[in-house]
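A.B. asks: Turn this into a model:
(one chain, ligands or ions: 1)
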Amino acid sequence: MAKSKTPGKSTARDKLRIHFLANLGRVMDSEELRRVAGNISEWARRIRELRTEEGFQILTHNDRSDLKPGQYLLLDSKPKPAFGRGISKETRALVLDRNGFTCQMCGAVAGEPHPYDPARKTRLHIGHVIDKSLGGTDDASNLRAVCSVCNEGAANLTLDRPTLNKLLVQIRRATSADQLEILKWLAKKFPAQAAAILK
Ligand SMILES: [Zn+2]
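C.D. replies: Residues are numbered from 1 along each chain as shown. Sure thing, here's the model as predicted:
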């Protein structure tokens, strides 16, 4: 993805990076950032690249419920290793599909309100089961879907997979309305098995 770059002339992405780093902790709106980027129409895409390619944790209303759409905030000057860098589109798709588009730590579903912060839409990333710093690989077998809340450690409860017993106890104690939701969700997830059971 090497883009030709005029030497000595900073690109819109460079300008945005410098601006974000100079304004850590200050909420900025789209008007300001578009201006910083030189009023190019692709300013938002350049911000996305700072997130996805350079790993800057630029927050939006999808990440924090106190931000309005069009607001951006960078708190940490240190980029995190970009998620899934070097992981192919195909592998990402495979892992997300295998994990049912569900965070493997907290169970949040992509695109749905996050259970710990309902104002926030769940956004999934590809995470490593065994961290790369501990020798984990980018192989699909070492990857899993993790939501941005868990990724940031905000939820900070690496939920162990509940035992069947614990799970049944929880479900039995739930309201009928919630039990019905679970039934619907399971029937949708296992349509063939559901049909066979109901026969
Ligand atoms: Zn999660």
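
A.B. asks: Residues of the protein that sit close to the ion?
C.D. replies: Residues of the chain found near the ion (Cβ under 5 Å from the ion) are 103, 105, 106, 108, 147, 150. From N, CA and C alone the C-beta is placed, and that goes for glycine too.

A.B. asks: which one among these gets closest to residue 11?
C.D. replies: Set against residue 11, the nearest of the residues of the chain next to the ion by Cβ to Cβ is residue 147 (31.1 Å).

A.B. asks: Can I get the buried part of the residues of the chain next to the ion as one PyMOL selection?
C.D. replies: To isolate the buried ones among these in PyMOL, judged by 16 or more other Cβ atoms under 10 Å, type:
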select buried, resi 103+105+106+108+147+150
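
A.B. asks: can you list the residues of the chain next to the ion in a markdown table and add secondary structure and distance to residue 121?
C.D. replies: Below are the residues of the chain next to the ion laid out as a markdown table (DSSP: H, G, I helix; E, B strand; the rest coil; distance: Cβ to Cβ, whole Å):
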| residue | secondary structure | distance to residue 121 |
| --- | --- | --- |
| 103 | coil | 12 |
| 105 | coil | 17 |
| 106 | coil | 14 |
| 108 | coil | 10 |
| 147 | strand | 10 |
| 150 | helix | 14 |
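
A.B. asks: and the least confident of the residues of the chain next to the ion?
C.D. replies: Among the residues of the chain next to the ion, residue 150 carries the lowest pLDDT, at 83.

A.B. asks: Not including adjacent chain positions, what is the nearest residue to that residue?
C.D. replies: Spatially, and ignoring its direct neighbours in sequence, residue 150 is nearest to residue 105 (4.1 Å; Cβ to Cβ, 6 or more residues apart in numbering).

A.B. asks: picking that back up, between the residues of the chain next to the ion, which is nearest residue 181?
C.D. replies: Distance to residue 181 across these (Cβ to Cβ) is lowest for residue 108, with 15.0 Å.

A.B. asks: Look up how far residue 25 lies from the closest one.
C.D. replies: Distance of residue 108 to residue 25, computed by Cβ to Cβ, to the nearest Å: 27 Å.

A.B. asks: One more: residue 58?
C.D. replies: 12 Å.

A.B. asks: what residues are up against residue 143?
C.D. replies: 84, 87, 91, 95, 126, 127, 128, 129 (Cβ atoms under 8 Å, 6 or more residues apart in numbering).

A.B. asks: Any quick PyMOL command for the buried ones out of those residues?
C.D. replies: Restricted to buried positions by 16+ other Cβ under 10 Å, the PyMOL selection for the contacts of residue 143 reads:
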select buried, resi 84+87+91+95+126+127+128
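
A.B. asks: Nearest to the ion among the contacts of residue 143?
C.D. replies: The ion lies nearest to residue 127 out of those, by Cβ to the ion, at 9.6 Å.

A.B. asks: Does the closest one have any beta-bridge partners, and if so which?
C.D. replies: residue 144 (DSSP bridges).

A.B. asks: Looks like it contacts residue 146 (just checking).
C.D. replies: Yes - when contacts are counted by Cβ atoms under 8 Å, residue 127 is listed as touching residue 146 (3.7 Å).

A.B. asks: Now the common contact residues for the two.
C.D. replies: residue 104.
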